[in-house]
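Q: only geometry, no sequence info:
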């Protein structure tokens, strides 16, 4: 199946959930990543139960804190 992860095509041979996809796609800091799947945010509690499908598009987002001077 073909997926788009952060704008790049990724081919996966078998059904996979978001938790495992984070490992396969080598996501940085998987414990802190926010996943947008086909335009919808997926809660961390749903990573194991959410399986991706052929043609799905996802973005791995990292929110950084910062302050003003």
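A: Received it, and whenever you're ready, just let me know what you need. Since the structure is predicted, the reported quantities are computational estimates derived from the model, not experimental observations.
Q: the residue nearest to residue 57 when sequence neighbours are not counted: neighbour count?
A: Counting by Cβ to Cβ, 6 or more residues apart in numbering, residue 57 lies nearest to residue 4, which is 4.3 Å off, once chain neighbours are set aside. The way it works is simple: take the backbone N, C-alpha and C, and place the C-beta from them, glycine included. Using other Cβ atoms under 10 Å, the number of residues around residue 4 comes to 14.
Q: contact partners for residue 4?
A: 10, 56, 57, 58 (Cβ atoms under 8 Å, 6 or more residues apart in numbering).
Q: could you flag which of the residues you listed are buried?
A: Among the contacts of residue 4, the ones that count as buried by 16 or more other Cβ atoms under 10 Å are 56, 58.
Q: is it possible to export the contacts of residue 4 to a markdown table including secondary structure?
A: Shown next, in a markdown table, are the contacts of residue 4 (DSSP: H, G, I helix; E, B strand; the rest coil):
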| residue | secondary structure |
| --- | --- |
| 10 | strand |
| 56 | coil |
| 57 | strand |
| 58 | strand |
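Q: okay, now the sheet partners of the helix or strand hosting the residue nearest to residue 57, with direction.
A: Using DSSP states H and E, residue 4 sits in strand 2-5. Taking DSSP bridges as the criterion, strand 2-5 forms sheet pairs with strand 8-11 (antiparallel), strand 57-61 (parallel).
Q: just how off-centre is the shortest one within its chain?
A: For strand 8-11, the distance between its averaged C-alpha position and the chain's averaged C-alpha position is 12 Å (Cα atoms, centre = their mean, to the nearest Å).
Q: who touches that strand?
A: 1, 2, 3, 4, 24, 25.
Q: do me a favour and get the end-to-end distance for stretch 4-11?
A: Taking Cα to Cα, to the nearest Å as the measure, stretch 4-11 stretches 9 Å from start to finish.
Q: average model confidence for it?
A: Stretch 4-11 shows a mean pLDDT of 96.
Q: list the buried ones in it?
A: residue 5.
Q: number the residues from 20 up from this point.
A: From this message on, residue numbering opens at 20, which makes the last subject stretch 23-30.
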